[in-house]
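In: Pasted the sequence and its predicted model underneath.
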Amino acid sequence: MPEHGPAAAWPGHRLTLLPAGWQLPVPAGKSLLHAAIAAGIQLPSSCRNGTCRACLARLVSGDIVYLVDWPGLLADEKAEGWILPCVASALSDLVIEAPAARQMG
C-alpha cells in the first residue's frame, strides 16, 4: 500500500532556513549543504569537510549527526547551538539560522 500524506510527499527530513523561511528536503545521510545546493539555495562554504567554518549556522530546533569525527567547533560553540551544515546530516526535521543563504540562479 503506498504512503499518503506528508511522508509520501516529503521523504527524509525537512530543513527550514531562517530568516527567509525556505523549506527543503534533506535525504538521509546527505549533508545539509548538499541538500541546500540540490534545492537551489547557496549557503556559504569553502572546504566542505568541517574545518574552515565558512558555513557556520545556528541550530534553532531539531537533531543532527556529523558525517565526520571532528567537526571544527569548540565545545562552547556546540553548546550554544552552532553547527557546520557542510558535514551535518538531519536526524529530524530542522530549523537553522543561515542569514547568508541565498537562492541560486
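Out: Sure thing, it's come through.
In: who's in contact with the residue most central in space within the chain?
Out: What sits nearest the mean C-alpha location of the chain, by CA atoms, centre = their mean, is residue 32, with 3.0 Å. Neighbour list for residue 32: 15, 26, 43, 64, 83, 85, 86, 88, 89, 90, 94, 96 [criterion: CB atoms under 8 Å, 6 or more residues apart in numbering]. C-beta here means a position set from N, CA and C on the backbone, and glycine is covered the same way.
In: Tell me which of these fall in strands.
Out: Members of the contacts of residue 32 lying in strands (criterion: DSSP state E): 15, 26, 64, 83, 88, 89, 90, 94, 96.
In: closest to residue 76 among these?
Out: residue 83 (13.6 Å; CB to CB).
In: List the beta-bridge partners for the closest one.
Out: Beta-bridge partners for residue 83, by DSSP bridges, are residue 57.
In: Do you know the pLDDT at it?
Out: Note for residue 83: predicted pLDDT of 95.
In: surely it meets residue 62?
Out: No. The pair residue 83 / residue 62 is not scored as a contact, 9.9 Å apart, by CB atoms under 8 Å.
In: and the two? which has more neighbours close in?
Out: Using other CB atoms under 10 Å as the criterion, residue 83 and residue 62 rank with residue 83 on top: 24 against 18.
In: For this structure, name the helix or strand with the lowest mean pLDDT.
Out: Using mean pLDDT, DSSP states H and E, helix 6-9 stands out as the lowest-scoring helix or strand of the chain, at a mean of 46.
In: Is residue 51 in a helix, a strand, or coil?
Out: coil (DSSP: H, G, I helix; E, B strand; the rest coil).
In: Surely it touches residue 73?
Out: No. Judged on CB under 8 Å, residue 51 makes no contact with residue 73 at a distance of 10.3 Å.
In: Quickly list what's touching both of these two.
Out: Common neighbours of residue 51 and residue 73 (CB under 8 Å, 6+ apart) do not exist.
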